[in-house]
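Chemist: all I have is the shape, not the residue letters:
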């Protein structure tokens, strides 16, 4: 039986590809212009409106578009809730800025990313992390590893952890399915933290030799007592988790989960003292930008997902290691959330699973082959979203905070080269351990 994906011409994917390319290029070539929310909205509208019009004129298209918009609302509601709650929690004071203490903070971030998301963990920890190392002369490597671990690879264990995994949850992946990713999570983050500790110790030793009379280690050991402000938001964070567990366990009326999440976000914003928001430099700008961009992504990706699912056998991917690297390569260049959906659509098509059902990934996880492919796709999307500033939303946020604090960060291509140099041996070892060819 011919599906909507069979009927759609290949050029239907042009708006989606154009949007992702525009995001990548404008972020680098016209950062000032692109920083304005209105300009983002104009680009999104110019590409999403024609894509939506094409679907509305196709048999079965309106239903597919409705599913995409419903998923968009669920996606943005969770991101907004986590963003607002994280903005209401402030870590005051700092740890010592020693290599061991820094490694410990990265380990904490890798765990915390699974509770409040990579965006929440990154925004919560980056400022105290930089404060702890304010006396250091060389700090860019600290931020690079922070992006690799806290803003990306750390968030592999729960659907809350990283946007691709939450999209999988919305598509039918059980909430606890991601727990089975604990082994690659432990290996990759453990190795990265070990590499970081060795590099950071070497940097400190070099700085001590260069400036013997400054008492650098004494300054690094000194720290301000830590204090967590906004603790009531921890209860609201627990409420978010309960809402998601309820969504996965029972069938709730459509929109109820989203209203609950937005209600929690509103409660957090109203209950948080302004001093905490000021201390976190909290504004709604970042989440508004994400909401606008992903409105375009969810609308324009509808056609390419249908096409990929219908023509999966023509893609040439068959084994988990191929999916791991293909997903990761695209995630590193473009955003990892739509990349995850693109390759799960291919995997489903190869196993004869259509994506007409909005929870089609439940069928993928019900087979051993489907589990293996999804395992590889999830790891590739989350781990390799760190290879460029554009691979995952928190990357640029962390870079901007670091530069605001006086850290001279590498430019786009220099960062990509550094991240690849660090990650390539780790990812190669991951392939042979978990996805052997």
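Modeler: Arrived safely. Please read these numbers as outputs of a predicted model, since none were measured by experiment.

Chemist: buried sites along the strand or helix carrying residue 81?
Modeler: With the criterion set as DSSP states H and E, the secondary-structure element containing residue 81 is helix 61-87. Neighbour counts using 16 or more other Cβ atoms under 10 Å place 61, 64-65, 67-68, 70-87 of helix 61-87 among the buried residues. (Each C-beta comes from the backbone N, C-alpha and C, glycine too.)

Chemist: and what of stretch 176-185?
Modeler: If you call a residue buried by 16+ other Cβ under 10 Å, then stretch 176-185 has these buried ones: 177-178, 181, 184-185.

Chemist: just the ones of those in helices?
Modeler: Among these, DSSP state H puts 184-185 in helices.

Chemist: possible to save the buried residues of stretch 176-185 as CSV with pLDDT and distance to residue 198?
Modeler: Formatted as CSV, the buried residues of stretch 176-185 follow (pLDDT from 0 to 100; distance: Cβ to Cβ, whole Å):
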residue, pLDDT, distance to residue 198
177, 95, 34
178, 94, 30
181, 96, 26
184, 97, 21
185, 97, 21
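
Chemist: which secondary structure elements does the helix holding residue 81 sit against?
Modeler: If you count contacts as 3 or more Cβ pairs under 8 Å, 6 or more residues apart in numbering; DSSP states H and E, helix 61-87 packs onto helix 37-56, helix 99-132, helix 163-170, helix 232-249, helix 256-271, helix 285-300, helix 302-310.

Chemist: figure out how far it is from the centre of its chain.
Modeler: Using Cα atoms, centre = their mean, to the nearest Å, the distance from the centre of helix 61-87 to the centre of the chain it belongs to is 15 Å.

Chemist: what angle separates that helix from helix 256-271?
Modeler: Relative orientation of helix 61-87 versus helix 256-271 (axes from the mean of the first three to the mean of the last three Cα atoms, to 10 degrees): 30 degrees.

Chemist: helix or strand right after helix 61-87?
Modeler: Stepping forward along the backbone from helix 61-87, the first helix or strand reached (DSSP H and E) is strand 90-92.

Chemist: what is that next one packed up against?
Modeler: helix 99-132, strand 227-229, helix 274-279.

Chemist: got the buried residues for stretch 400-419?
Modeler: Taking 16+ other Cβ under 10 Å as the neighbour-count basis, stretch 400-419 is seen to contain the buried residues 401-402, 405, 407, 409-410, 412, 415-416, 418-419.

Chemist: which one in the residues you listed is the model shakiest on?
Modeler: Taking the buried residues of stretch 400-419 together, the minimum pLDDT is found at residue 412 (74).

Chemist: my read is that that one contacts residue 395, right?
Modeler: No. Contact criterion Cβ atoms under 8 Å: residue 412 and residue 395 do not qualify, at 10.6 Å.

Chemist: quick check: neighbours shared by the two?
Modeler: When contacts are counted by Cβ atoms under 8 Å, 6 or more residues apart in numbering, residue 412 and residue 395 have 388-389 as shared neighbours.

Chemist: what comes up buried for stretch 130-145?
Modeler: Along stretch 130-145, the positions that meet the burial threshold by neighbour count (16+ other Cβ under 10 Å) are 130-133, 135-136, 139, 141-145.

Chemist: for stretch 106-116, same thing?
Modeler: Counting neighbours by 16+ other Cβ under 10 Å, one finds that the buried residues in stretch 106-116 are 106-110, 112-116.
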